[in-house]
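Asker: sequence-free structure coming up:
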């Protein structure tokens, strides 16, 4: 899993009824775009994330 600043992180809920969490990657701390990431979630919480298999990086729209 690789990401750049501005990409979105989507963490799927892993329990029935649990909502997915979404946030913007604001810092990449791993080598070559790898984890961990500092993520600002849509609920305002910011945290250091080591994404698991339930997470997906959604690339930001890039302008040419």
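Answerer: Now that the structure is in, tell me what you want to look at. Please read all numbers here as calculations on a predicted model, not as lab measurements. Numbering: from 1, shown residues only.
Asker: Direction included, what does the top strand by length along the chain pair up with?
Answerer: Longest strand of the chain, by residue count under DSSP state E: strand 21-28. Strand 21-28 pairs in its sheet with strand 8-11 (antiparallel), strand 37-41 (antiparallel), by DSSP bridges.
Asker: Throw these into JSON lines and include mean neighbour count and distance to residue 25, thanks.
Answerer: No exception for glycine: its C-beta is placed from N, CA and C like everyone else's. Below are the strands paired with strand 21-28 laid out as JSON lines (neighbours: other CB atoms under 10 Å; distance: least, CB to CB, whole Å):
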{"stretch": "strand 8-11", "mean neighbour count": "18", "distance to residue 25": "6"}
{"stretch": "strand 37-41", "mean neighbour count": "20", "distance to residue 25": "5"}
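Asker: In a markdown table, list the ones you listed along with distance to residue 50.
Answerer: Below are those laid out as a markdown table (distance: least, CB to CB, whole Å):
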| stretch | distance to residue 50 |
| --- | --- |
| strand 8-11 | 11 |
| strand 37-41 | 8 |
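Asker: who wins for proximity to residue 30 among the ones you listed?
Answerer: Between residue 30 and the strands paired with strand 21-28, the tightest spacing by CB to CB is seen for strand 37-41, at 7.7 Å.
Asker: and after the closest one, which helix or strand comes next?
Answerer: Following strand 37-41 in sequence order, the next helix or strand is strand 46-49 (DSSP states H and E).
Asker: what residue is smack in the middle of the protein?
Answerer: Geometric centre of the chain, nearest residue: residue 9, 2.5 Å, by CA atoms, centre = their mean.
Asker: is it true that residue 6 touches residue 25?
Answerer: Yes. Between residue 6 and residue 25 there is a contact under CB atoms under 8 Å: 6.9 Å.
Asker: quick revisit: now render the strands paired with strand 21-28 as TSV, adding distance to residue 48 and mean pLDDT.
Answerer: Output for those, formatted as TSV (distance: least, CB to CB, whole Å; pLDDT from 0 to 100):
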stretch	distance to residue 48	mean pLDDT
strand 8-11	12	96
strand 37-41	6	98
